[in-house]
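Peer 1: Predicted coordinates and the sequence they were generated for:
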Amino acid sequence: MTVEIDVEFEDEVVDDSVSLFEGDEGGLEYAQRHALVTLLKQRFISARTHPRDWQVLVEHERLLRSRLNELFLELQVDRVREVAWKRQASTETGGRFPTMLYDAAWSREETLVLVHLRDRLRSGLAGGDTRVYIDREDIVGYVASFRPPHATDVAGDEKRARNAVAGIVKAGLLIGTATEERFEISEAVESLIPLELLQELLEALVRANASDVPPEVEDATDLFDEEI
């Protein structure tokens with residue numbers, strides 16, 4: 001039986017039948033497909049940003065994991081912080097499978113922003129805050145503190161720092177507030193940037209600051225994987 005769905009209204013109640021359109025041979029129900037598509041489209045999902053998809057993932061994690069595996073993708077789930085994301089799978093020998101993702105390396109400024117956000121998030125949570133906020137100028141100032149002594153393009157550096165903030169907002173790791181210049185730091189930052197990676201990033205940044213060469217950190221591009 002075919003069930004008609006108005007895709008523009010995601011809150012519409014959909015029949016439990018797995019056949020959702022003429023000729024449909026899929027084996028997932030609508031909610032499961034919706035969660036799978038969201039996982040593929042978004043950098044990450046969380047109980048806060050995508051509550052319905054998160055609940056479906058919790059209830060059908062093995063099923064959704066298997067569907068991602070068929071695309072050479074791995075499902076990563078942090079149940080403590082209630083965050084889930086995908087990453088490209090690798091062969092047992094370290095080789096790469098065919099991919100539908102495009103690995104966009106982090107810029108120097110984006111890397112600095114992420115390091116700062118994770119540090120501020122951990123400090124705020126350790127201090128008892130349930131939500132941690134940060135101002136745009138705070139972030140821009142932090143990035144500026146890493147400007148090499150010989151750098152002279154102050155205006156260009158500031159523009160790149162502000163563009164990096166915009167990129168992190170787009171990734172969903174900075175959440176807008178009623179004030180345009182103030183953001184809430186997503187707890188997903190801590191899940192997506194573990195301590196080991198943070199230390200590697202900081203070391204790369206120190207080296208880059210000394211040599212004026214943008215840092216390159218292997219296996220640190222998962223967060224910015226994008227669809228082709």
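Peer 2: Perfect, thanks for sending it.
Peer 1: rest of the way, CA atoms for contacts and neighbours
Peer 2: Noted.
Peer 1: number of nearby residues for residue 169?
Peer 2: By other CA atoms under 10 Å, 17 other residues sit near residue 169.
Peer 1: measure it to residue 183 for me?
Peer 2: When CA to CA, to the nearest Å is applied, the distance between residue 169 and residue 183 equals 9 Å.
Peer 1: Residues that sit against both of those two, list them.
Peer 2: 175, 176 (CA atoms under 8 Å, 6 or more residues apart in numbering).
Peer 1: Where do the domain boundaries of this protein fall?
Peer 2: Domain assignment for the chain by automatic domain parsing gives 1-99, 108-227.
Peer 1: any idea which helix or strand carries residue 123?
Peer 2: Assigned by DSSP states H and E, residue 123 belongs to helix 108-126.
Peer 1: right, and the helix or strand after that helix?
Peer 2: Following helix 108-126 in sequence, per DSSP H and E, is strand 133-135.
Peer 1: so what secondary structure elements neighbour that next one?
Peer 2: Strand 133-135 is packed against strand 182-185, with contacts defined by 3 or more CA pairs under 8 Å, 6 or more residues apart in numbering; DSSP states H and E.
Peer 1: Sheet-wise, list the partners of the strand it packs on with their directions.
Peer 2: Its sheet considered, strand 182-185 pairs with strand 133-135 (antiparallel), strand 174-176 (antiparallel) by DSSP bridges.
Peer 1: Quickly, which of these bottoms out on average pLDDT?
Peer 2: If you rank the strands paired with strand 182-185 by mean pLDDT, strand 174-176 sits at the bottom with a mean of 92.
Peer 1: which residues are contacting that one?
Peer 2: With CA under 8 Å, 6+ apart, strand 174-176 has contacts from 168, 169, 182, 183, 184, 185, 186.
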